[in-house]
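Below is the sequence, then the predicted model.
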Amino acid sequence: MFKPARMKKLRIITLDKYADSAVSSLHEEALVQIEDISERIQQDAEWRQILKPSSASPFTGKISSLLMKTSGTVDFLKSMAKKEKGILPLVKGFINPPPILKVEVEALDVEELIQKAEKILGKVESQTKPKEEKINQLDSRKTELDNALKVAGSLSNFDVDLGLLEESNYVSFIAGKISSGYYDDFIGSLKDLTDEIIVFDQESELKGFKILVIVTVKKHTEEVLSQLRKMEFERFEFSGLSGKPGDIIQKSESELESIALEKESVLNDLADISAEWFEKLRALKEELEIEKQRNEVFSSFGETEKTVLFEGWVPEKKLKKTLLTIDTSTEGHSIVDVADPDVEKDDIPVQLDNPKFAKPYEMFVHMYSPPNYREIDPTILMAIVFPFFFGFCLTESGYGIADALVGYIIFRGLGRNSKTMANLGLIMVACGVWAIILGLVTNSFIGDFIPRFIWGDPSMAIPTTIPSINSFAHPENILIIALVIGVIHLNLGLAIGAYNNIVRGDTKEALGAQIVWFILEAGIVLLALGYLLFGGGILMYAGIGVLVLSLIMLVYFNGLFGIMDLSGFLGNVLSYARLLALALSTGGIAMTVNILAGICGEMIPLIGIIIAPIVFIGGQIANLAFQTLGAFINALRLHYVEFFAQFYIGGSQKFKAFRAKRKFTNIGGK
């Protein structure tokens, strides 16, 4: 329970005709982590004499191609699906998302799956391709019309048929927009270019710009354009346009309306196609992903002319089921060698083995690093302490209720379809409960909300308050509690670290890195007891002696720099004062918001009654969000930085079973 799951090392040999069946069965059961032995075969001369590296299935390329095509189609149909608009569907999707409907599929071999995929994709493509082409045509035409509107709108003051401005063999027409600041410069530059040019200008609807229509002999076109480019001239493209600007605008707007209606009709058709095929294609995509993984895993194997060999890891608890699965899938034509791992040489994958209540916190341990195979797994301790630290940082029962409710909503909502979100929801519920408990005993319910607004006397305390730890009256006692908790938490880490070192046979490290601090603390306790209870005497001298012994041990095991570790240890203890700091800031800011809301209601005439609730609700929500985030980060930090530093090594690889991830499909009612 406090150690990672015991692992067994497997070596499996089977006839090549049963390899597909064995791989498929192990893939569906998700029991074994398969290791890649191809590199070892190439490097080890002894292995190379009897084995050669296996290769991926010849169907891998075809499966990958179909998977890519299916993924693109799924993404396209998802974008075409009808979506409810507005904030209400978004909130509903968060609180009560629809369950994932799994598609029943048959167990197919790779060739049958390829045929199935090609058939489905062919049907879908025959329905979607004409629609896609139509949308592309409409979008292309819309772009042309938008350009026509832009040009016609800019030239609306020129009452001329734009068809007459088409370039001829002898004359060029240039139309566009130029900054008013450059206009005079351009007109002045024409004197040096040519006299064979006419410029018509109008003020643009955009302030500070002019619209120009320039007529020149064709041989001067490039010179004129070169000059215009220096002046940030924006040229209009009006090739293909005919009619006066007003007529073009009217005609284009009418056609754009028709295009919008036609496109909406095509999109509705695609939405219907999406409703018909999306779930089937999503399931097909999952089938192809699973098949691709199965085909690729063969490149991790070794083979002879008639047999296949592969290796893997399995948790000891699942060994019996694994052996049965292999025996059944190969019809007894297999040999399985089961061995204990060599903890000194093997890179053993780690699977955490914790009771149900601690499972959600495994993600925190993995975020840091999976533990070493032989060391203590801190997940259970974290499951107990983390919510308490969060609650201590928050120490606010009103906010705790809000966090617990949000956690429950996440668990019952997004948690239905996501294990990660379900775990996060459960963690938030536990954290919220601790915040409620600690807030009630320290006199904090949305700051001083109840005494101030309900009882009318801010100096009063809520009935559940323990007077000696009233956060508004005796913060010094809460600081003492925080530091005592910190010492206990650090000592627990030191004890685990000493155990890990002793198990590994590194007694010297245990004495110099962990046990020395217990001796130092014992000396401080004896010194304090001797001074406080007896005003000196033998206990005090004994304490001094033990302290000197601890200092000698620090120097002996860690060198002169060991003395510097004293400040580090003291810093770790004082880090737990953040529990008090965050607790007081949460209640203090909540109280400040209450005071501001009260001032608004009392001192601002008429609209104060409206402003006060806005200030109260907005301020409390903002404080809740920031303090919840702060409590989460600091509770995590006290584990990662202060606690784990005393014992945790980590660095192992996480156990990753060869698993068929079926989120959207079922085989045979599984």
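The structure has been received and is ready for your questions. Numbers count the residues shown, from 1 in each chain.

what residues does stretch 317-337 touch?
Contact with stretch 317-337 is made by 5-6, 8, 10-15, 18, 21-22, 24-26, 29, 31-32, 314, 338, 353, as judged by Cβ atoms under 8 Å, 6 or more residues apart in numbering. For glycine as for every other residue, the C-beta is placed from the backbone atoms N, C-alpha and C.

Quick check: end-to-end length of that stretch?
17 Å (Cα to Cα, to the nearest Å).

The host helix or strand of Ile595: which residues count as buried?
Take DSSP states H and E as the rule and Ile595 turns out to sit in helix 578-603. Going by neighbour count (16 or more other Cβ atoms under 10 Å), the buried part of helix 578-603 is 578-580, 582-591, 593-594, 597-598, 600-601.

now for it, which elements pack on it?
Here helix 578-603 touches helix 379-394, helix 397-412, helix 475-503, helix 608-637, going by 3 or more Cβ pairs under 8 Å, 6 or more residues apart in numbering; DSSP states H and E.

Report the separation between Ser126 and Glu305.
46 Å (Cβ to Cβ, to the nearest Å).

got it, and Ala461?
84 Å.

Among those two, which residue is more densely surrounded?
Ala461 (18 against 6; other Cβ atoms under 10 Å).

For the stretch 251-400 of the chain, which segments count as strands?
302-303, 307-315, 334-339 (DSSP state E, counting those that start in this stretch).

and the second one, which strands flank it?
In the sheet containing strand 307-315, the strands it pairs with under DSSP bridges are strand 7-15 (antiparallel), strand 33-35 (antiparallel), strand 302-303 (antiparallel).

okay, the ones you listed in TSV with mean neighbour count and distance to Glu396 next?
TSV is the format used below for the strands paired with strand 307-315 (neighbours: other Cβ atoms under 10 Å; distance: least, Cβ to Cβ, whole Å):
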stretch	mean neighbour count	distance to Glu396
strand 7-15	19	44
strand 33-35	20	44
strand 302-303	20	61
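
which stretches of the stretch 451-600 of the chain have low pLDDT?
Low-confidence segments of the stretch 451-600 of the chain (pLDDT under 70): 534-536.

same thing but at 90, please
For the stretch 451-600 of the chain, residues meeting the criterion pLDDT under 90 lie at 452-461, 471-473, 500-501, 503-506, 509, 512-513, 521, 523-548, 550-569, 598-600.

Same check on the stretch 201-350 of the chain?
201-250, 305, 343-346.

quick one, helices of it?
Along the stretch 201-350 of the chain, the stretches classed as helices by DSSP state H, counting those that start in this stretch are 221-229, 245-297, 319-329.

and Gly608, which of those is closest to it?
helix 245-297 (49.2 Å; Cβ to Cβ).

how many neighbours does the nearest residue to Arg11 once chain neighbours are set aside have?
Distance criterion Cβ to Cβ, 6 or more residues apart in numbering; nearest residue to Arg11, sequence neighbours excluded, is Asp337 at 4.2 Å. When neighbours are counted by other Cβ under 10 Å, Asp337 registers 10.

Distance of the residue lying closest to Lys9 once chain neighbours are set aside relative to Asp346?
Distance criterion Cβ to Cβ, 6+ apart; nearest residue to Lys9, sequence neighbours excluded, is Ala339 at 4.6 Å. Here the criterion is Cβ to Cβ. By it, Ala339 lies 10 Å from Asp346.

again with Gln293
From Gln293 to Asp346 the distance is 24 Å (Cβ to Cβ).

you'd agree Leu381 is up against Leu492?
Yes. Counting by Cβ atoms under 8 Å, Leu492 is a contact partner of Leu381 at 7.0 Å.

distance of the residue lying closest to Gly588 once chain neighbours are set aside from Ala461?
Nearest non-adjacent residue to Gly588, counting by Cβ to Cβ, 6+ apart: Gly447, 7.7 Å away. Noted for Gly447: a distance of 12 Å to Ala461, by Cβ to Cβ.

Ala422 now?
Distance from Ala422 to Ala461, by Cβ to Cβ: 38 Å.

and if you look at Glu316?
If you go by Cβ to Cβ, the gap between Glu316 and Ala461 works out to 55 Å.

Repeat that for Pro613.
25 Å.

Leu324 too?
Counting by Cβ to Cβ - Leu324 and Ala461 are separated by 64 Å.

What of Lys419?
Applying Cβ to Cβ to Lys419 and Ala461 gives a distance of 42 Å.

What residues sit buried inside the helix or strand hosting Cys431?
Secondary structure from DSSP H and E places Cys431 in helix 419-441. Judged by neighbour count (16+ other Cβ under 10 Å), helix 419-441 contains these buried residues: 421-441.

can you give me how far stretch 365-376 is from the chain middle?
Counting by Cα atoms, centre = their mean, to the nearest Å, stretch 365-376 is centred 21 Å from the centre of its parent chain.

ok, the residue nearest to Gly588 touching Ala590?
Yes. Taking contacts as Cβ under 8 Å, Gly447 lies within contact range of Ala590: 3.2 Å.

Mutual contacts of those two, please.
Glu396.

Could you tell me which residues make contact with the nearest residue to Lys218 once chain neighbours are set aside?
Excluding the flanking residues, the one nearest Lys218 by Cβ to Cβ, 6+ apart is Ser172, at 4.9 Å. By Cβ under 8 Å, 6+ apart, the contact list for Ser172 reads Val215, Thr216, Val217, Lys218, His220, Thr221, Val224.

What of Gly72?
Here Gly72 is in contact with no residue (Cβ under 8 Å, 6+ apart).

if I've got this straight, Pro463 is in a helix?
No. According to DSSP: H, G, I helix; E, B strand; the rest coil, Pro463 belongs to no helix; its state is coil.

Now Gly86, what are its backbone angles?
Main-chain dihedrals, Gly86, degrees, to the nearest 10: phi 110, psi 170.

what's the answer for Phe561, then?
Phi and psi for Phe561, reported as degrees, to the nearest 10, are phi -70, psi -10.

How about Pro53?
Backbone geometry at Pro53, expressed as degrees, to the nearest 10, gives phi -60, psi 140.

Let me know how buried it is, in neighbour terms.
19.

Go ahead and confirm it touches Ser38.
Yes. With contact defined as Cβ under 8 Å, Pro53 and Ser38 form a contacting pair (3.9 Å).

so what sits against both of the two?
Ser299, Phe301, Gly302.
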